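Chemist: Provided below for reference: sequence and predicted model.
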Amino acid sequence: MAYVVTSACIDETTFEPECERACEEMAIHRGRFTRLIDPDTCTDCGRCEPVCPVGAIFAAARVPAPEHEWIAHNRAWRQEALS
């Protein structure tokens, strides 16, 4: 289970938030419109969640129901980052 960036991060890519600095595994990547977490690299340490400036990061098991589509968006982070 990995952490997931949800819709609250859309259009928040103009600055380098604390979540990127907190991630020692460098699992957080900047996409076109948001940041995303590589679930294969994420070690579930949870350091990113409390420092997210917009409250967009959740453990996959706690992603709010209306945000469940973001689990798949994060899984496909490579496609988004390369777009």
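Modeler: Nice, I can see it.
Chemist: output the below-cut-off pLDDT ranges for the chain.
Modeler: 13-14, 79-83 (pLDDT under 70).
Chemist: how about a cut-off of 90?
Modeler: Along the chain, the parts satisfying pLDDT under 90 run over 1, 11-18, 30-34, 53, 76-83.
Chemist: strands of that one, residue ranges please.
Modeler: 3-5, 28-30, 35-37, 57-59 (DSSP state E).
Chemist: got JSON lines for these, with distance to His68 too?
Modeler: Backbone N, C-alpha and C define where each C-beta goes, glycine included. Converted to JSON lines, these look like this (distance: least, Cβ to Cβ, whole Å):
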{"stretch": "strand 3-5", "distance to His68": "9"}
{"stretch": "strand 28-30", "distance to His68": "20"}
{"stretch": "strand 35-37", "distance to His68": "15"}
{"stretch": "strand 57-59", "distance to His68": "10"}
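Chemist: need those strands in a markdown table (columns: mean neighbour count).
Modeler: Shown next, in a markdown table, are those (neighbours: other Cβ atoms under 10 Å):
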| stretch | mean neighbour count |
| --- | --- |
| strand 3-5 | 27 |
| strand 28-30 | 20 |
| strand 35-37 | 25 |
| strand 57-59 | 19 |
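Chemist: what's around Arg75, how many residues?
Modeler: Here the number of neighbours of Arg75 (other Cβ atoms under 10 Å) works out to 17.
Chemist: ok, the nearest residue to it once chain neighbours are set aside to Ala61 distance?
Modeler: Distances taken as Cβ to Cβ, 6 or more residues apart in numbering place Pro39 nearest to Arg75, at 5.7 Å, with adjacent residues excluded. Separation of Pro39 from Ala61 (Cβ to Cβ, to the nearest Å): 13 Å.
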